[in-house]
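Visitor: What would the 3D arrangement of this be:
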Amino acid sequence: MSGYGIGYCIGYASMRKEPVQSTPSCVQECECPFNFPTAMYCNGRNLKFIPIVPTGIKYLYLQDNLIEEIKPGVFDNVTDLRWLVLCNNNITSDKIHSGTIDKLGKLEKLMFSNNKLTKPPGPLSKSLDELKLIGNQLTSFPSGTLSGMENLTSVYLSKNQLTSESLAGAFKGLKSLMLLDVSENKLKKLPAGVPPSLLMLYADNNEIESISGGYVAKLPELQYLRVSHNKLVDSGIPAGVFNVSSLLELDLSFNKLQTIPEVNEALEHLYLQVNQISSEWIASLLYFLLSFSPHCLFYFIPLYD
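Guide: Now for the predicted structure:
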């Protein structure tokens, strides 16, 4: 399993850590607390299968188990499930049977990180607002997987084996998407077709060598762009591509830059450490920032002479 802990799955506030008295309908393997009767906590119990889920459950926590398969009929009693948390199991794509996840028409959050998926599950609920598939073995992400998901705000796809080609058309039509994490994959370029609503784009630890002209300008809401630990060179960064007023944080650290790209005076954090930038360029940047953007914090150690 990946090094991602439960905090990357759902957040610590949503976990049950101590035994509680359960409602009568709850299965023995899990807990359904009286003060939260619509939740069923089955996390961290070495389960090899998904137990019977009683009617009325809307929040199902199954993380940190040994589950390998989602069998037919397992969600028949809870087709109005809102949250499904399956992080840190051993589920493979071919063991997600038809009539299971695709029946959950009101699902809002699907947490499927740290399993053994080679493709995204689906078809998925149009009500989904958060999808986490961190730390799987995804090599494909068919166009249309997220089609019609107007409520989707966050998509986490880091720590997979996705290429730029495999993501072609994947994010088209997502009107509400604000966060997209595609870090630690095999991308040669930033994902195409991302919607103008995007606020945060994380693409660290890929194989990106260049950024297309106008890419950032087409994302008028973008505030955070992280492309550290890639293969960016000066010739791969068009003039002015980062000079947009919306951008607040730009991380270009751990690349192969020899010069400092043009940025906007509205930028607040600029990361350039571990590139090949000479001290002359650093001096020029200091002059610019002190003269026109004194509020910006910049990071560029170590230097190259």
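
Visitor: For Ser165, what are phi and psi?
Guide: Actually, residue 165 is Glu. It isn't Ser. phi -70, psi -40 (degrees, to the nearest 10).

Visitor: For stretch 74-92, buried residues please.
Guide: 74-75, 78, 81-89, 91 (16 or more other CB atoms under 10 Å). To be clear about C-beta, it is placed using only N, CA and C from the backbone, and glycine gets the same treatment.

Visitor: And stretch 229-247, by the same measure?
Guide: For stretch 229-247, by 16+ other CB under 10 Å, it's 229-230, 232-233, 236-237, 241-244, 246-247.

Visitor: what does stretch 175-183 give?
Guide: So, applying 16+ other CB under 10 Å, buried residues of stretch 175-183: 177-178, 180-183.

Visitor: could you redo these as CSV and give each row secondary structure?
Guide: Output for those, formatted as CSV (DSSP: H, G, I helix; E, B strand; the rest coil):
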residue, secondary structure
Leu177, coil
Met178, coil
Leu180, strand
Asp181, strand
Val182, coil
Ser183, coil
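
Visitor: re earlier: out of the buried residues of stretch 74-92, which two are the most distant from each other?
Guide: Val78 and Asn88 (21.3 Å; CB to CB).

Visitor: Quick check: what element follows the helix or strand hosting Met40 along the chain?
Guide: For Met40, the host element (DSSP states H and E) is strand 39-41. For strand 39-41, the succeeding helix or strand toward the C-terminus, using DSSP H and E, is strand 59-61.

Visitor: Tell me where this structure has helices.
Guide: Here the chain has its helices, by DSSP state H, at 279-292.

Visitor: Against Ser176, how distant is Lys126?
Guide: 12 Å (CB to CB, to the nearest Å).

Visitor: Tell me the buried residues in stretch 194-203?
Guide: For stretch 194-203, by 16+ other CB under 10 Å, it's 194-195, 198-203.

Visitor: From Tyr224, how far out is the nearest residue to Val244 once chain neighbours are set aside?
Guide: Excluding the flanking residues, the one nearest Val244 by CB to CB, 6 or more residues apart in numbering is Val216, at 5.2 Å. Distance, Val216 to Tyr224, using CB to CB: 11 Å.

Visitor: Mutual contacts of the two, please.
Guide: Residues touching both Val216 and Tyr224 by CB atoms under 8 Å, 6 or more residues apart in numbering: Leu247.

Visitor: who has more neighbours, these two?
Guide: Val216 (22 against 16; other CB atoms under 10 Å).

Visitor: Quick check: which ranges of the stretch 151-300 of the chain have low pLDDT?
Guide: Along the stretch 151-300 of the chain, the parts satisfying pLDDT under 70 run over 281-300.

Visitor: now Cys214, nearest residue through space, not along the chain?
Guide: Careful, residue 214 is Gly; it's not Cys. Gly214's closest residue in space is Val241 (CB to CB, 6+ apart), at 7.3 Å.

Visitor: Report the central residue of this protein.
Guide: Nearest residue to the geometric centre of the chain (CA atoms, centre = their mean): Tyr156, 1.6 Å.

Visitor: start to end distance for stretch 102-110?
Guide: End-to-end distance for stretch 102-110: 12 Å, by CA to CA, to the nearest Å.

Visitor: buried set for it?
Guide: 102-104, 107-110.

Visitor: contacting residues around Met178?
Guide: Contacts of Met178 by CB under 8 Å, 6+ apart are 153-154, 197-200, 221.

Visitor: In strands only, show me the residues you listed.
Guide: 154, 200 (DSSP state E).

Visitor: Out of the contacts of Met178, the closest to Lys119 would be?
Guide: Ser154 (19.8 Å).

Visitor: Tell me who's in contact with that closest one.
Guide: Neighbours of Ser154 in contact, by CB under 8 Å, 6+ apart: 129-132, 177-179.
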